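Asks: The following comprises the amino acid sequence and a computationally predicted model.
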Amino acid sequence: MNTYRIYEDLRASLGEEAAKSLAHTLGPMFEQLGETVTKVEFRSLDATVLRLAEAQERTEVQVAALTVAQAQTEVQVAALTEAQERTEVKLASLAEAQTRTEVQVAALTEAQVRMEVQLAALTEAQTHTENKLGALTEVVQSLVFSGERQAVRLDAVLGRTFEMQFRDRLTSYLGRLMRRGRLLRNDEVLDAVEQSVDAGEADELLRADAIATGVVDGLSSHVVVEVSVTCHAPDIERAERRASILRKAGLVAVPLVACEVISPELLAYARSLQVRVWCNGTMLDAAA
């Protein structure tokens, strides 16, 4: 069997390249064997060669499959490498962001510390301010209290001065209201009422700032005066209440408030109670 014959026999099953390779390898071997082996042995050798060819074919198929698998593996490795690179880029970006975050946190921490220091200073300053304010408040309250006491004393002095002045000049101040006026002493007042009123009413009457007798509106009358720098409702009510005690004793009595200041509301109130008003040197309109 020559090399060409072997090639022809193997080409159909192994392919041209594999057949050529085996033919070149087996040809010389067959020539040598032809001289030494029997036909039976040659047939056995031929079967062996065929098995080897089949094994070679299977090997090549496996190699091809491995080559494809290798290619797929390389594709997957490339994809994994690319994914790894993207992951590393992301990790680097995250690390950079983390670094920036840590820097910002450190800056915020430092700012917080400064703020706490400033807050502590402000708290201390506020405490000092509150202490000073408390002391100042005590001083102001003391001054206000002192001022109020001084104001009360001043009002009392002014009221007492005004009362004494009015009593001294009563007949001239009330010249338009009362003719032939005369200021009564307390004993004269008691003589006029003590037989007709009880002791409490007599004491109440004697607390009037001034009681004068004279002719009012053509009638012999008694004028009961309450004196106050600024007129208040109790002044009006006391004048009316004390005049009513004289009326109880059977005397004609005219209640009057002498003041320097009176509000329109209190003037109307006085008129509603038939109380006359002398204000700052002028007799106001008679009670309606």
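Replies: Now that the structure is in, tell me what you want to look at.
Asks: C-alpha from now on. contacts and neighbour counts both.
Replies: Will do.
Asks: Quick check: phi and psi on the nearest residue to Cys231 once chain neighbours are set aside?
Replies: Computed as CA to CA, 6 or more residues apart in numbering, the closest residue to Cys231 that is not its neighbour in sequence is Ile262, at 5.2 Å. Per-residue torsions, Ile262: phi -150, psi 140 (degrees, to the nearest 10).
Asks: after the helix or strand harbouring Ala83 comes which helix or strand?
Replies: Applying DSSP states H and E as the criterion places Ala83 in helix 39-168. Once the chain leaves helix 39-168, the next helix or strand it forms, by DSSP H and E, is helix 170-173.
Asks: and that next one, what does it pack onto?
Replies: Other helices and strands packing on helix 170-173, by 3 or more CA pairs under 8 Å, 6 or more residues apart in numbering; DSSP states H and E, are strand 178-183.
Asks: Residues contacting the strand it packs on, please?
Replies: Applying CA atoms under 8 Å, 6 or more residues apart in numbering, the external contacts of strand 178-183 come out as Arg167, Leu170, Thr171, Gly175, Ala210, Ile211, Ala212, Thr213, Gly214, Val215, Val216, Asp217.
Asks: starting at the chain centroid, how far to the helix or strand just after it?
Replies: As assigned by DSSP H and E, the chain's next helix or strand after strand 178-183 is helix 186-193. Offset of helix 186-193 from its chain centre (CA atoms, centre = their mean, to the nearest Å): 71 Å.
Asks: Could you list the residues in contact with helix 186-193?
Replies: Contact partners of helix 186-193, identified using CA under 8 Å, 6+ apart, comprise Ala202, Leu206, Ile211, Leu246, Ala249.
Asks: Roughly how far does the nearest residue to the second one once chain neighbours are set aside sit from Lys248?
Replies: If I follow you right, that is Leu206. Counting by CA to CA, 6+ apart, Leu206 lies nearest to Asn186, which is 6.5 Å off, once chain neighbours are set aside. To Lys248, Asn186 is 18 Å away according to CA to CA, to the nearest Å.
Asks: The residue nearest to Cys231 contacts Ser228, doesn't it?
Replies: No. Look at Ile262 against Ser228 with CA atoms under 8 Å: they stay out of range, at 9.8 Å.
Asks: In terms of neighbours, single out the busier of these two.
Replies: A direct count of neighbours by other CA atoms under 10 Å for Ile262 and Ser228 places Ser228 higher, at 23 against 20.
Asks: Was I right to think the more buried one contacts Val277?
Replies: No. Applying CA under 8 Å as the test, Ser228 and Val277 come out as separate, 11.3 Å apart.
Asks: hey, what's in contact with both of those two?
Replies: Counting by CA under 8 Å, 6+ apart, the shared contacts of Ser228 and Val277 are Val257, Ala258, Cys259.
Asks: On the three-state scheme, the last one is what?
Replies: Translated: Cys259. Using DSSP: H, G, I helix; E, B strand; the rest coil, the structure places Cys259 in strand.
Asks: sec struct for Val229, please.
Replies: Assignment for Val229 (three-state DSSP): strand.
Asks: Give me the distance between it and Phe166.
Replies: 11 Å.
Asks: which residue is nearest the middle of the chain?
Replies: Leu119 (18.1 Å; CA atoms, centre = their mean).
Asks: and that one, what is it in contact with?
Replies: Here Leu119 is in contact with no residues (criterion: CA under 8 Å, 6+ apart).
Asks: 17 is where my numbering starts, stick with that
Replies: That works, and once the first residue is 17, the last one we named lands at Leu135.
Asks: picking that back up, now for the residue nearest to Leu222, how many residues are close by?
Replies: Look at Asn202: counted by other CA under 10 Å, it has 15 neighbours.
Asks: ok, now how distant is it from Ala255?
Replies: Separation of Asn202 from Ala255 (CA to CA): 17 Å.
Asks: For Glu179, grab the count of nearby residues.
Replies: Other residues near Glu179 come to 22 when the count uses other CA under 10 Å.
Asks: what do you get for the one 4 residues further on?
Replies: Other residues lying near Arg183 total 19 when counted by other CA under 10 Å.
Asks: ditto for the one 3 residues further on
Replies: Residue crowding around Leu186 was assessed by other CA under 10 Å; the count is 20.
Asks: Would you mind measuring from the nearest residue to it once chain neighbours are set aside to Ala224?
Replies: Spatial nearest neighbour of Leu186, chain neighbours left out: Leu199 (7.5 Å); criterion: CA to CA, 6+ apart. Leu199 sits 12 Å away from Ala224, going by CA to CA.
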